[in-house]
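Engineer: Coordinates only, no sequence provided:
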């Protein structure tokens, strides 16, 4: 095992897959010479050449379509969208062309990965802070993955690249510098499998991306107060590993969901609805969801923390549920 | 220089498209098919002339008004009708409907219900050909309406910047549904937009299949020789209404006089006259060919009507592969 930063886990995943399969190509803004604005593709242009590692013009809508077209043609493109706030521009192609595999009746596969970065919590303001995982999650035929730690980042990205379907790989920038353990040897994490981040008995806390660490911090504090929380990190949004979630609920009978996007119509809403549909008899309390306050994400350092979910809000919500 | 047999083949293909469209109009009027139809009477010369310039392993992307592209690229008209009938034997198992028919095996990447939607996908194909160092070419059809979409501008810029083996063919029929080009287009000639992307822009008579062929083959060869994309603007007219629910195309947003004037420029009757005049075909041939194609279309309808529906139990097939 070795300890690496998440941004290096991403880079290693891409490098290893590009070495193994010459059909993997990289498209994105500033990913070539510059190595990506977060450094995730550093050195890859030098290693693989300009046919396979390309800066794209600022045309997010066409970028997505080009990735889809290249994927249908037999390549395995990885497109980087620099900020998820720009996902709106990719949406036409995602909504209407990414699932041509289904629409054309199985004639083609669309083995495309879009790596997209979420920069909330960094005082970047309304246009560089949003986590919009619900948008691709809503579209049939697209997988959506949002890991929280180095091991999962590397293993899931490799799986995403090898997957024959469109995969949206969401990277939370707060996590890029996070260090974690990864094996030296080749490994994969299966898309659609959840991680039990912390075993506990009193409540199931379903946390995504940057919320996982907040939940872990909350767990330490709550331990001292006699509340033992179980943390589930689904890692994949589509497909979602409900089996692991349901097993946990059979044990704890209580649920809190925490994510870094708006609560209203967020992924928490979908999970809560599904849990109460399938596991109603196992619940001893209503399911609570924590998400960002329903305003555009403000830039001021005095305001952004106020709208975001943190360990204190998690602790408060857990106490309301268990007591 | 096209041989006589090739000219006759073009004529047959144009007739096949026209008879297909006329049959679909009849079926729609009689309530035999569901969903909208967007027919391309008057634009057949572009589909046929342009695809004639392609090799079998070149690719094409189409539009919502794509039956001509489908037929010209070689899709079996039986499968087209079956798809429109929503049957399992349709090109896309009945899932796509008339606007999104595709057959990857023959290089037909399908139409789209999103105006301009296939342009970036064509560019993606061009990118793949470049990365794979293939000598294949992809040709993307689109209309005057689409030339105002962001996707058009983004696609041409990208293809041009990377010198991708793409050929962009605009079918300018002067109207985006009911909006005339005069109202909403900033330029007289869409081909002039090619200058913005540093690529050749050529205007051609879209009602003359040979003229279209000659313009496209030059662009195709340029793309194949890795000298980048071109934009061809084929001027034409849509004799059909925009769709089956369009009530204004004859005496509404288009005057009766204008439509009648353009009927005189019908590409098929004019090409037929030309071939007769050149004695490449005679009146007997005309009757024979028309009968043959009529039968082909009738057989396609029978095939579609007798085909089974898709099974709802299969609905999740191919969602994730």
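Structural biologist: Nice, I can see it. As the structure is a prediction and not an experimental result, all values here were calculated from the model. Numbering: from 1, shown residues only, chains lettered A, B, ... in the order given.
Engineer: Tell me if stretch B:309-321 is near chain A.
Structural biologist: Yes - counting by C-beta under 8 Å from any C-beta of the partner chain, contacts between stretch B:309-321 and chain A involve B:317, B:318, B:319, B:320, B:321. C-betas here are computed from N, CA, C, even on glycine.
Engineer: Run a quick neighbour tally on residue 59.
Structural biologist: Picked chain A for this. A count of neighbours around residue A:59, defined by other C-beta atoms under 10 Å in any protein chain shown, yields 21.
Engineer: hmm, I had chain B in mind actually
Structural biologist: Residue B:59: 28 surrounding residues under other C-beta under 10 Å.
Engineer: Regarding whatever residue of chain A ends up closest to chain B, what is its secondary structure?
Structural biologist: In chain A, the residue that lies nearest chain B is residue A:69 (2.0 Å; C-beta to the nearest C-beta). Classification of residue A:69 by DSSP: H, G, I helix; E, B strand; the rest coil places it in helix.
Engineer: and the nearest residue to it once chain neighbours are set aside, helix, strand or coil?
Structural biologist: Among residues not flanking residue A:69 along the chain, residue B:124 sits closest, at 2.0 Å (C-beta to C-beta, 6 or more residues apart in numbering or on different chains). Applying three-state DSSP to residue B:124 yields a three-state assignment of helix.
Engineer: from what I can see residue B:124 touches residue A:66, true?
Structural biologist: Yes - under the criterion of C-beta atoms under 8 Å, residue B:124 makes contact with residue A:66 at 4.0 Å.
Engineer: quick one: common contacting residues for these two?
Structural biologist: By C-beta atoms under 8 Å, 6 or more residues apart in numbering or on different chains, residue B:124 and residue A:66 have these common neighbours: residue A:77.
Engineer: list the contacts for residue A:1?
Structural biologist: Residue A:1 touches A:181, A:182, A:183, A:184, counting by C-beta under 8 Å, 6+ apart.
Engineer: What residues sit buried inside stretch A:261-269?
Structural biologist: Buried residues in stretch A:261-269, counted by 16 or more other C-beta atoms under 10 Å in any protein chain shown: A:261, A:262, A:263, A:266, A:267, A:268, A:269.
Engineer: let me fix that: stretch A:169-189
Structural biologist: Applying 16+ other C-beta under 10 Å to stretch A:169-189 flags A:169, A:170, A:171, A:172, A:173, A:174, A:175, A:176, A:178, A:180, A:182, A:189 as buried.
Engineer: Any part of that stretch near chain B?
Structural biologist: No - figure legend: stretch A:169-189 not in contact with chain B (C-beta under 8 Å from any C-beta); closest approach 15.9 Å.
Engineer: got the end-to-end distance for that stretch?
Structural biologist: End-to-end span of stretch A:169-189 (C-alpha to C-alpha, to the nearest Å): 13 Å.
Engineer: State the distance from residue B:156 to chain A.
Structural biologist: Counting by C-beta to the nearest C-beta, to the nearest Å, the gap from residue B:156 to chain A is 9 Å.
Engineer: From the contact counts, what lies against the one helix or strand that residue maps to?
Structural biologist: Assigned by DSSP states H and E, residue B:156 belongs to helix B:150-161. Counting contacts by 3 or more C-beta pairs under 8 Å, 6 or more residues apart in numbering or on different chains; DSSP states H and E, helix B:150-161 packs against helix A:60-72, helix B:119-131, strand B:166-172.
Engineer: Distance of residue A:253 relative to residue A:216?
Structural biologist: 22 Å (C-beta to C-beta, to the nearest Å).
Engineer: what does residue A:246 give?
Structural biologist: 22 Å.
Engineer: cool, residue A:268 as well?
Structural biologist: Counting by C-beta to C-beta, the gap from residue A:268 to residue A:216 is 19 Å.
Engineer: what's the following helix or strand after the longest strand along chain A?
Structural biologist: Looking across chain A with DSSP state E, the single longest strand is strand A:255-262. The helix or strand immediately downstream of strand A:255-262 is helix A:267-279, counting by DSSP H and E.
Engineer: Distance from the chain centre to that following helix, please.
Structural biologist: 19 Å (C-alpha atoms, centre = their mean, to the nearest Å).
Engineer: With stretch A:186-200 instead?
Structural biologist: Relative to the chain's own centre, stretch A:186-200 is displaced by 13 Å; criterion: C-alpha atoms, centre = their mean.
Engineer: What are the boundaries of the helices in the stretch 1-150 of chain B?
Structural biologist: B:4-29, B:44-52, B:67-73, B:77-84, B:119-131, B:150-161 (DSSP state H, counting those that start in this stretch).
Engineer: Tabulate these in a markdown table, adding columns for mean pLDDT.
Structural biologist: Output for these, formatted as a markdown table (pLDDT from 0 to 100):
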| stretch | mean pLDDT |
| --- | --- |
| helix B:4-29 | 98 |
| helix B:44-52 | 98 |
| helix B:67-73 | 98 |
| helix B:77-84 | 98 |
| helix B:119-131 | 98 |
| helix B:150-161 | 98 |
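Engineer: who wins for proximity to residue A:152 among these?
Structural biologist: helix B:119-131 (29.3 Å; C-beta to C-beta).
Engineer: Could I get the full set of strands for the chain?
Structural biologist: All of this is about chain A. Under DSSP E, chain A gives strands at A:2-5, A:24-28, A:53-55, A:76-81, A:113-118, A:143-145, A:167-172, A:179-182, A:195-198, A:203-207, A:229-233, A:236-238, A:255-262, A:288-292.
Engineer: hm, I was asking about chain B
Structural biologist: B:59-61, B:138-143, B:166-172, B:175-176, B:179-180, B:201-205, B:230-235.
Engineer: Residues of the stretch 151-300 of chain A that sit close to chain B?
Structural biologist: A:164, A:165.
Engineer: give me that answer again for 10 Å
Structural biologist: Within reach of chain B by C-beta under 10 Å from any C-beta of the partner chain, the stretch 151-300 of chain A has these residues: A:163, A:164, A:165, A:166, A:191, A:192, A:238, A:239.
Engineer: Could you report the neighbour count for the second one?
Structural biologist: For residue A:164, the neighbour count with other C-beta under 10 Å is 15.
Engineer: can you give me the mean pLDDT across stretch B:86-96?
Structural biologist: Stretch B:86-96 carries an average pLDDT of 98.
Engineer: With stretch A:206-213 instead?
Structural biologist: Per-residue scores along stretch A:206-213 average to 98.
Engineer: Show the low-confidence segments of chain B, by residue range.
Structural biologist: For chain B, no stretch has pLDDT under 70.
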